[in-house]
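Trainee: Sequence plus predicted model, see below.
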Amino acid sequence: MVKTNIHRLRVLNILILTLYLVMGLGYPSSAQSKKPNSPPKAEKSPPKVESNTSEDPNDPNSLRPLNQSESLLSLQGGQKLVTQAQEAINEGKYDLATANLQQARKIFNQLSNFHLQLANSFSGIDPKVSESQRSKALQTGQLRDETTYQLALVHRAQSQPELAVPLLIQIILSQNPSSELGRKSYQQLYELGFVDVPYPSVSAPNPTPKQP
């Protein structure tokens, strides 16, 4: 009887020991499961976007894209095309010059029409705005006619009078025959043979009869 109890105690002790071992392996202590706290990572600040322009943000003109030479609807953009056309003419690249002058002429013509429409819209409402827009319409209209004249000369240099004549007539209608550009355009028509009377025409004075 005593031996049986001792045997049972031994078996029980073995089972308890085995259970502790299993629990020790399967469930690590809280001290072992905790990982050392890692220092918090510093948040990365967003990259700074560097501006390529040195414009003054307080200047309202610096925020107007149509004041830039890259715009296809600006005075500066048209003038840049005219400059490029002149460089092409000096290099004998008449096709490139023609393309640039045609584009510049289109820009100046659109600008002139737009400013004139605004001037008429503000007429009687705000004289200052109306006068400013009318002045811009005249300015861009003058640039359009000067560009048209240069384009006519390029056509003439390419022996294309049929393209030059309509442009020269448009200049005279837009300007005035008595203006400098109008006279130069008429002179071109005369040299091309489209007109046969020079301008200004000077009538020959009647010969003074000789005294007997």
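Mentor: Great, that's in hand.
Trainee: Tell me, please, where in this structure the pLDDT is lower than the cut-off.
Mentor: Scanning the chain for pLDDT under 70 picks out 1-72, 202-212.
Trainee: again, only using 50
Mentor: Applying pLDDT under 50 to the chain flags the ranges 2, 22, 25-36, 38-40, 42-43, 46-55, 57, 60, 204-212.
Trainee: ranges for the helices of it?
Mentor: 2-26, 30-33, 75-90, 94-122, 127-157, 161-174, 180-192 (DSSP state H).
Trainee: what about the residue lying closest to Gln133 once chain neighbours are set aside, neighbour count?
Mentor: Spatially, and ignoring its direct neighbours in sequence, Gln133 is nearest to Ala119 (3.8 Å; Cβ to Cβ, 6 or more residues apart in numbering). C-beta: built from backbone N, CA, C; applies to glycine. Residues contacting Ala119 under the criterion other Cβ atoms under 10 Å number 19.
Trainee: so what's Ala119 up against?
Mentor: Ser130, Glu131, Gln133, Arg134, Ala137 (Cβ atoms under 8 Å, 6 or more residues apart in numbering).
Trainee: of all those residues, which comes closest to Ile89?
Mentor: Nearest to Ile89 among the contacts of Ala119 is Ala137, at 27.9 Å by Cβ to Cβ.
Trainee: For that closest one, list the residues it contacts.
Mentor: Here Ala137 is in contact with Leu111, Ser112, Asn113, His115, Leu116, Ala119 (criterion: Cβ under 8 Å, 6+ apart).
Trainee: What's the ChimeraX line that selects buried ones from the contacts of Ala119?
Mentor: Buried residues within the contacts of Ala119, by 16 or more other Cβ atoms under 10 Å, are selected in ChimeraX with:
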select :130,133,134,137
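Trainee: Please identify the buried residues of stretch 117-127?
Mentor: Buried residues in stretch 117-127, counted by 16+ other Cβ under 10 Å: Leu118, Ala119, Phe122.
Trainee: same check, this time on stretch 90-102
Mentor: Residues of stretch 90-102 classed as buried by neighbour count (16+ other Cβ under 10 Å): Tyr94, Ala97, Thr98, Asn100, Leu101, Gln102.
Trainee: How about the contacts made by the residue lying closest to Tyr199 once chain neighbours are set aside?
Mentor: Spatial nearest neighbour of Tyr199, chain neighbours left out: Tyr186 (4.7 Å); criterion: Cβ to Cβ, 6+ apart. Tyr186 sits next to Leu168, Ile172, Pro177, Val195, Tyr199 when contact means Cβ under 8 Å, 6+ apart.
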